[in-house]
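[1] Sequence and predicted model, in that order:
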Amino acid sequence: MSEAKTALHNLQMGESIVSVSYNGRLTTYTPADMDKLSAYISRLGVECDESSTGAGRRGAIMFRD
């Protein structure tokens, strides 16, 4: 997530193109895409929160006699 935040900051500071890689996939953003990059950062934040709290995990609960 820090790479995406840095990329957004760089766009806000005037860079014309930034790239972010995630799971081996490289995505390029321009100033016109700042809203998309912000949404991506928000999604990453939600995913990180769910991973750390266990929320969003669904599975079977098994009981043994």
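    Looks like it arrived, so ask away.
[2] where do the strands sit along the protein?
    Counting by DSSP state E, the chain has these strands, from start to end: 18-22, 25-29.
[3] so which of the ones you listed is the most packed in?
    strand 18-22 (a mean of 14; mean count of other C-beta atoms under 10 Å). Where you see a C-beta, it was placed from the backbone N, CA and C, and this is true even at glycine.
[4] Contact partners for the closest residue in space to residue 40 that isn't next to it in sequence?
    If you skip the residues right next to it in sequence, residue 40 has residue 4 as its closest partner in space, 6.0 Å away by C-beta to C-beta, 6 or more residues apart in numbering. For residue 4, the contacting residues are 20, 22, 37, 40-41, 44, taking C-beta atoms under 8 Å, 6 or more residues apart in numbering as the criterion.
[5] repeat that for 6 Å
    With contact set as C-beta atoms under 6 Å, 6 or more residues apart in numbering, residue 4 has these partners: 20, 40-41.
[6] and the closest residue to residue 1 other than its chain neighbours, how far is that from residue 2?
    Counting by C-beta to C-beta, 6+ apart, the nearest residue to residue 1 once its immediate chain neighbours are dropped is residue 44, at 4.5 Å. Computed as C-beta to C-beta, to the nearest Å, the residue 44 to residue 2 distance reads 10 Å.
[7] quick one, which of these two is more surrounded?
    Set side by side, residue 44 and residue 2 give different neighbour counts by other C-beta atoms under 10 Å, the larger being at residue 44 (16 against 8).
[8] partner residues bridging residue 27?
    For residue 27, the beta-bridge partners under DSSP bridges are residue 20.
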